[in-house]
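1. Could you look at this predicted model? Sequence included:
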Amino acid sequence: MHRKMKRTGGSGGLDLDSLMDILSCLVGVMLFLVIYTVLELGSVAYQAVVPLTRATPTDARRVVVLCEAGTVRVLDTDAALRQLLSGFEIVRTFDEVPVFVEGNQRTPADAFFQYSLEYQERMSIDLLGTLDLRVEERSGALGDSIHQLDAGSAYTDFLGRVSPRDAWLTFAVDSASVDVFRRARDMAVSLGFATGWDQVRVDFPLTYSLSGDAEDWLSQRTTLSKPQR
């Protein structure tokens, strides 16, 4: 006689214990891989190229680079002073200085600025001490933006004409020009120029005495002496 098999218990559902064991193993393996990857990444030595400025060359002149309103303008008075003071070697007395200035009608200019001499009656130990250089902005002459620095700009032209042995750059930076300053400084450092910077504002027209160091209008001991950051 045929007998029906009796159920030994349970509801007849699937046994999931084996599946849970497999999933637990997979999760463990994945967790191990994640931890291993994080540890490996943490041990990798990353390298970054950081430009370092060179020491200021002996007897090099200082050139001011104005970073204002998101643009760069080079204020290099060297060529203008040579032109304005041409013939000054014949001046022998203090009384001859105003005569020289009155007869000097030259107003040399560059891409951004115009220059002239002014006589100042004051006590000085040398003839140049009675002369001021006046620097005025040229109307409508805009500086180079961060997007123009690599495209034949006035700034790149200056870097190509001047030797790092003859000049070092000091950047006067306002709060709106930090990005363009960093780009301009990196370009100069990559070519071997020594640099310095500070956050200052230059108001025009600008005048400074030619007595002694012709760069005293922005004192290296106060505003523009910080090393590159």
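-> Happy to help now that I have it.
2. which SS class is Val74?
-> Using DSSP: H, G, I helix; E, B strand; the rest coil, the structure places Val74 in strand.
3. Just give the closest residue to it, not the sequence neighbours.
-> Distances taken as Cβ to Cβ, 6 or more residues apart in numbering place Phe158 nearest to Val74, at 4.8 Å, with adjacent residues excluded. For every residue, glycine as well, the C-beta is placed using N, CA and C.
4. so the one you found makes contact with Ala79?
-> No. With contact defined as Cβ atoms under 8 Å, Phe158 does not count as touching Ala79 (11.0 Å).
5. more neighbours, the two?
-> Applying other Cβ atoms under 10 Å to Phe158 and Ala79 shows that Phe158 carries more neighbours, namely 19 against 11.
6. Show the contacting residues for that one.
-> Counting by Cβ atoms under 8 Å, 6 or more residues apart in numbering, Phe158 makes contact with 63, 74, 76.
7. Which neighbours in the sheet does whichever strand or helix holds the first one have, and how are they oriented?
-> So the one you mean is Val63. Following DSSP states H and E, the helix or strand that holds Val63 is strand 61-68. As defined by DSSP bridges, the strand partners of strand 61-68 come to strand 71-75 (antiparallel), strand 167-173 (parallel).
8. The residue nearest to Val74 - that's part of a strand, no?
-> No. Judged by three-state DSSP, Phe158 forms no part of a strand; its state is helix.
9. mind checking pLDDT for it?
-> The model reports Phe158 with a pLDDT of 95.
10. how about low-confidence regions in the protein?
-> Applying pLDDT under 70 to the chain picks out residues 1-16, 38-56, 212-229.
11. all helices in it, in order from the N-terminus.
-> 17-42, 78-84, 96-103, 154-161, 178-190 (DSSP state H).
12. buried ones in stretch 171-187?
-> 171-174, 177, 180-185, 187 (16 or more other Cβ atoms under 10 Å).
13. State whether Asp150 and Thr156 are indeed in contact, as I suppose.
-> Yes. The criterion here is Cβ under 8 Å, and Asp150 meets it with Thr156 at 6.9 Å.
14. ok, those two, which is more surrounded?
-> Thr156 (18 against 12).
15. Name all residues that make contact with the more buried one.
-> 149-150, 187.
16. rerun at 7 Å
-> The contact partners of Thr156, taken as Cβ atoms under 7 Å, 6 or more residues apart in numbering, are 149-150.
17. sorry, back to before: got a winner among the contacts of Phe158 for most neighbours?
-> Val74 (23 neighbours).
18. Cross-check the contact I'm expecting between that one and Asp157.
-> No. Between Val74 and Asp157 there is no contact under Cβ atoms under 7 Å: 9.0 Å.
19. related to what we said a few turns ago, pick the one among the buried residues of stretch 171-187 closest to Gly103.
-> Ala172 (33.5 Å; Cβ to Cβ).
20. So what pairs up with the closest one in the strands?
-> Going by DSSP bridges, Ala172 forms beta bridges with Leu66, Asp198.
21. How much space separates the closest residue to Val91 other than its chain neighbours from Gly143?
-> Residue nearest to Val91 in three dimensions, not counting chain neighbours: Phe100, with 5.2 Å by Cβ to Cβ, 6+ apart. From Phe100 across to Gly143, the span is 33 Å (Cβ to Cβ, to the nearest Å).
22. Isn't Arg185 up against Thr195?
-> Yes. Between Arg185 and Thr195 a contact is recorded at 5.5 Å, counting by Cβ under 7 Å.
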